[in-house]
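**Student:** requesting a structural model of the entry that follows:
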Amino acid sequence: MSSPSQQQFIQYLQTELEISEEAIDLALRRQEPSRGPLHMVLWQHGLIDLDQLGKAFEWQVNESIATAKRF
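**Tutor:** Residues are numbered from 1 along each chain as shown. Now for the predicted structure:
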């Protein structure tokens, strides 16, 4: 089961970047700690482009900042 943060990230990928559920499922199946975060696996497999990869990184940075401000 994925964490709430990962679920929010997946929702962002699907709604804002229009990444298909199939692409995300494939990346989740291939994701391992040594392969990196979900958005990197999507990019490595050609499922997102560099623009989408950059937006995914931006989302994660902004989410980290928002989380830090809550505590």
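**Student:** any idea how far the closest residue to residue 21 other than its chain neighbours lies from residue 54?
**Tutor:** Once flanking residues are discounted, residue 21 sits nearest to residue 14: 6.7 Å by C-beta to C-beta, 6 or more residues apart in numbering. All C-beta spots, glycine's among them, are computed from the backbone N, C-alpha and C. Using C-beta to C-beta, to the nearest Å, we find residue 14 at a distance of 18 Å from residue 54.
**Student:** next up, the contacts around the most centrally placed residue in the chain.
**Tutor:** Centroid-nearest residue in the chain: residue 39, 4.2 Å away (criterion: C-alpha atoms, centre = their mean). Counting by C-beta atoms under 8 Å, 6 or more residues apart in numbering, residue 39 makes contact with 9, 13, 48, 53, 56, 57, 60.
**Student:** just the buried residues out of those residues, in PyMOL syntax.
**Tutor:** The command below creates a PyMOL selection of those among those that count as buried (16 or more other C-beta atoms under 10 Å):
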select buried, resi 9+13+48+53+56+60
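**Student:** among the contacts of residue 39, which lie within strands?
**Tutor:** The strands, defined by DSSP state E, take in nothing from the contacts of residue 39.
**Student:** make TSV from the contacts of residue 39 and add distance to residue 29 and pLDDT to it.
**Tutor:** As requested, the contacts of residue 39 are exported to TSV (distance: C-beta to C-beta, whole Å; pLDDT from 0 to 100):
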residue	distance to residue 29	pLDDT
9	17	95
13	15	97
48	16	97
53	19	97
56	18	96
57	22	95
60	21	92
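**Student:** what's the closest of the contacts of residue 39 to residue 26?
**Tutor:** Distances from residue 26 to these, taken as C-beta to C-beta, are shortest for residue 48 (11.6 Å).
**Student:** and the closest residue to the closest one other than its chain neighbours, how far from residue 68?
**Tutor:** Nearest residue to residue 48 in three dimensions, chain neighbours excluded: residue 42, at 4.5 Å (C-beta to C-beta, 6+ apart). Using C-beta to C-beta, residue 42 is found at 25 Å from residue 68.
**Student:** so which of these two has more stuff around it?
**Tutor:** residue 42 (25 against 8; other C-beta atoms under 10 Å).
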